[in-house]
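Peer 1: Make a model of this:
(2 chains)
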Amino acid sequence: MKALEELDIRDDLAYTQTHEWVKITGNIARIGVDDYAQSALGDIVYVELPSVGVVANAGAAIGSLESTKAVSDLNSPVTGQIAAVNEALSDSPELVNASPYEDGWIIEVEMTDPKELDGLMKNDAYLAFVKTLAPIE
Amino acid sequence: MLRKTALNAIHRELGGELTDFGGWEMPLWYSTGSVKEHLAVIEKSGLFDIGHMDLLRIKGKKTFNLLQLCLTRDMTNLKIGACGYSMILNEQSHVVDDTIVYNLGENEYILIVNAGMGPVVRQHLEQHSTFQDVSIEDESGRFSKIDLQGPASPAIVKKLLEKGRGTIEGLRYFQFRGDYADAATEIAFAGDIPVLLSRTGYTGEVGFEIVMPYDKTLDVWNMILDAGGNDVTPCGLAARDSLRTGAVLPLSHQDIGSWPFVHTPWDFALPQDKEGRFTKSFIGSGIYDDPPALYTYPFCGFDPRKAENHGASVLLEGASIGTVSTCAIDMAIGRVEGKIYSVASPDKPASFKARGLVCGFVRVDRPLKPGSKVTLKDSRRSIEVEIVSDIRPNRTARVKI
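Peer 2: Modelled structure (predicted):
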């Protein structure tokens, strides 16, 4: 597990309390898991991806990440159709660990209600949230 | 307050993800990560801190008789210099603990038992000892144990032996040499460190369990890393767990425990002759005349997806027939047209890439044949897996050294 000061926290992303991040381009939300989650889960060995076209509901599980330690849900932060999934993860799930914000992105959702983004955390709010989590050594 | 082994500072230095394991602060993995650690043991070698285990030394004229009564294995077959895997059962045939028993000769034996189990096993033995002349010493705190496992380990160990290098030539699986508590012992590492060197382990791969005086633990750890160079990788308990699962070895108090020890993949720990007849009676042996309908089987799935580690239901044609005791991922294996290959399989197809397979043990209420399909169901999902007779192929535990 990374120490707090080692966590990669990005200004251009919004985060959920269940450790997903969202990056907005137009009405497309690209979604992945944050550095905290990938570090806490350990080596990710399988990513269960949804099919393109399936409808994701905000706050509901849309896939899962399998690490050697545990299974963790991927919750969609927004509602909408799955527009794309990161097919590279089928062969290389370790990209989620190596590059959680770039090569390790997981899905893209075509948002139906951009107001849902208002409930997400940014910058200082996210940092304050991470600080409240179980003590990291 | 968690107990710490002699290598606790090393765990932190190596970026260990630390966890509470039976009251000990132990690393799940180091910064290398559990996947690479698992693969290192199969391809080169891995180094594990096993300082949380307990060790009992039993001496005296009637030691053999006490062990013959309290251990499941037939001690008449255990020669001096050999060690053996055994269960320790209570009268209900429940597992008190599993152990490796070492015959040091001259009525002296060592039992290595699980973390925190030294006092429990000692009490159990004392309770059943009507023998004068048997002393049971719990040596916790005086020794430490490091496991070096994987095909590179024999060459590394040979480099470290300052005394008795020849004695490990041809050492077979489940043979050992030396005694860490005897300064005049037949083998010693550089710096005259007495060791008990045992060709055993908990990974299914060729390797050694090394017992040394507690205050020499760090020296031995560093010595192995220096001698092994790029061929040795420090490994945590997650890799140990996934390696032992793929090798069809049980975790005490999880795959064996407070239920009858019957119909398991570990029946070789029972004192049976070739016809399956018992060669002795022992504490707990009463149940085998009429064993209950309880069956433990290894299983292997078709991708890495897991069910909850213990407690997930096992379904056969929709009906619940038992529970999952271990569910892990062996990252060195994969299936090609249904057949399981390992990264170490000489016959693996050229295109083979090990993506890992879910595997473990189920405890069910009826006999199942290898090849049977069952469903593991937890709160999240259902996964189809296959009952198998073995999991990771081409293991090296028994190769000649």
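Peer 1: CA atoms for contacts and neighbours, from now on please.
Peer 2: Will do.
Peer 1: any idea of the pLDDT on residue 61?
Peer 2: Using chain A here. Per-residue pLDDT puts A:Ala61 at 95.
Peer 1: let's do chain B instead
Peer 2: 93.
Peer 1: May I have the residues that are in contact with it?
Peer 2: B:Asn107, B:Asp133, B:Val134 (CA atoms under 8 Å, 6 or more residues apart in numbering or on different chains).
Peer 1: at 10 Å what do you get?
Peer 2: B:Glu106, B:Asn107, B:Glu108, B:Phe131, B:Gln132, B:Asp133, B:Val134, B:Ser135 (CA atoms under 10 Å, 6 or more residues apart in numbering or on different chains).
Peer 1: which non-adjacent residue is nearest the closest residue to chain A within the stretch 101-250 of chain B?
Peer 2: As assessed by CA to the nearest CA, chain A sits closest to B:Ala238 within the stretch 101-250 of chain B, at 7.4 Å. Among residues not flanking B:Ala238 along the chain, B:Leu28 sits closest, at 5.0 Å (CA to CA, 6 or more residues apart in numbering or on different chains).
Peer 1: My guess is B:Pro393 contacts B:Val343. True?
Peer 2: Yes: in this structure, B:Pro393 is within contact of B:Val343 by CA atoms under 10 Å, at 9.2 Å.
Peer 1: Spit out the residues that contact the two alike.
Peer 2: With CA under 10 Å, 6+ apart as the test, B:Pro393 and B:Val343 both reach B:Ala332, B:Ile333.
Peer 1: When those two are compared, which one has more neighbours?
Peer 2: B:Val343 (20 against 17; other CA atoms under 10 Å in any protein chain shown).
Peer 1: coming back round to it: what are the phi and psi angles of the residue of the stretch 101-250 of chain B closest to chain A?
Peer 2: phi -70, psi -40 (degrees, to the nearest 10).
Peer 1: Tell me which stretches of the chain form helices.
Peer 2: Reading this off chain A. A:35-41, A:88-91, A:95-98, A:123-132 (DSSP state H).
Peer 1: wrong one, I was asking about chain B
Peer 2: B:8-13, B:34-43, B:63-70, B:118-127, B:153-160, B:217-228, B:237-246.
Peer 1: out of those helices, nearest to A:Val52?
Peer 2: Of all those, helix B:34-43 sits nearest to A:Val52, with 29.7 Å by CA to CA.
Peer 1: Output the closest one as CSV - backbone C-alpha positions only.
Peer 2: Below are the C-alpha coordinates for helix B:34-43, written out as CSV (Å, rounded to 0.1, in the frame of the first residue of the first chain):
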residue,chain,number,x,y,z
SER,B,34,2.4,-11.3,-5.5
VAL,B,35,2.1,-12.4,-9.2
LYS,B,36,5.9,-12.0,-9.9
GLU,B,37,6.6,-13.5,-6.5
HIS,B,38,4.5,-16.6,-7.3
LEU,B,39,6.2,-17.0,-10.7
ALA,B,40,9.7,-16.4,-9.3
VAL,B,41,9.3,-19.6,-7.2
ILE,B,42,8.4,-21.7,-10.3
GLU,B,43,11.0,-20.2,-12.6
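Peer 1: Any part of it near chain A?
Peer 2: Yes: under the criterion of CA under 10 Å from any CA of the partner chain, chain A is reached by helix B:34-43 at B:Ser34, B:Val35, B:Lys36.
Peer 1: elements contacting that helix?
Peer 2: strand A:44-48, strand B:24-29, strand B:46-49, strand B:143-149, strand B:233-234, helix B:237-246, strand B:319-330 (3 or more CA pairs under 10 Å, 6 or more residues apart in numbering or on different chains; DSSP states H and E).
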